[in-house]
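A.B. asks: this is a predicted model, with the sequence first.
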Amino acid sequence: MSAIAANAVRSPLSALARQAFKSFRQSARIVEGPTEALPSAGPSQRADWGRIARTRLGVAAVYFPALGGFLSWPFISKAFLDGHM
């Protein structure tokens with residue numbers, strides 16, 4: 001190895017670059033997740049469709065009227081004020 005190459009390997013900039021690459025590699029591993037399947041703790045359970053439907057209908061009963069009121073407030077205010085502004 002030449003003296004220039006040896007000096008470049010030991011320079012602080014290359015150490016900083018190695019550390020940045022190492023942290024990038026670790027963050028990529030975290031995002032990737034486990035590579036093997038997780039063991040099953042027990043038998044899988046059936047879906048509770050009644051509970052799911054009740055939950056979704058409850059959310060829809062609040063969401064759609066609130067969304068409709070929020071999006072239609074200009075029309076409601078125009079009718080309420082009737083040009084008296």
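C.D. replies: Great, that's in hand.
A.B. asks: all contacts plus neighbour counts: C-alpha atoms, from now on.
C.D. replies: Will do.
A.B. asks: packing partners of the lengthiest helix in the chain?
C.D. replies: Under DSSP state H, the helix in the chain containing the largest number of residues is helix 49-71. Helices and strands touching helix 49-71, as assessed by 3 or more CA pairs under 8 Å, 6 or more residues apart in numbering; DSSP states H and E, are absent.
A.B. asks: so after that helix, what's the next helix or strand?
C.D. replies: Downstream of helix 49-71, the first helix or strand assigned by DSSP states H and E is helix 73-81.
A.B. asks: now that next one against helix 49-71, angle please.
C.D. replies: Interaxial angle, helix 73-81 versus helix 49-71 (axes from the mean of the first three to the mean of the last three CA atoms, to 10 degrees): 50 degrees.
A.B. asks: export helix 73-81 as PDB, just CAs?
C.D. replies: Provided in PDB are the C-alpha atoms of helix 73-81 (Å, rounded to 0.1, in the frame of the first residue of the first chain):
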ATOM      1  CA  TRP A  73     -69.800  25.700   5.600                       C
ATOM      2  CA  PRO A  74     -69.400  28.200   2.800                       C
ATOM      3  CA  PHE A  75     -72.800  27.400   1.300                       C
ATOM      4  CA  ILE A  76     -74.400  27.400   4.700                       C
ATOM      5  CA  SER A  77     -72.900  30.800   5.600                       C
ATOM      6  CA  LYS A  78     -74.000  32.200   2.200                       C
ATOM      7  CA  ALA A  79     -77.600  31.100   2.800                       C
ATOM      8  CA  PHE A  80     -77.500  32.300   6.500                       C
ATOM      9  CA  LEU A  81     -76.000  35.700   5.800                       C
END
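A.B. asks: how far does that helix sit from the chain's center?
C.D. replies: 37 Å (CA atoms, centre = their mean, to the nearest Å).
A.B. asks: I am finished for the moment; much appreciated.
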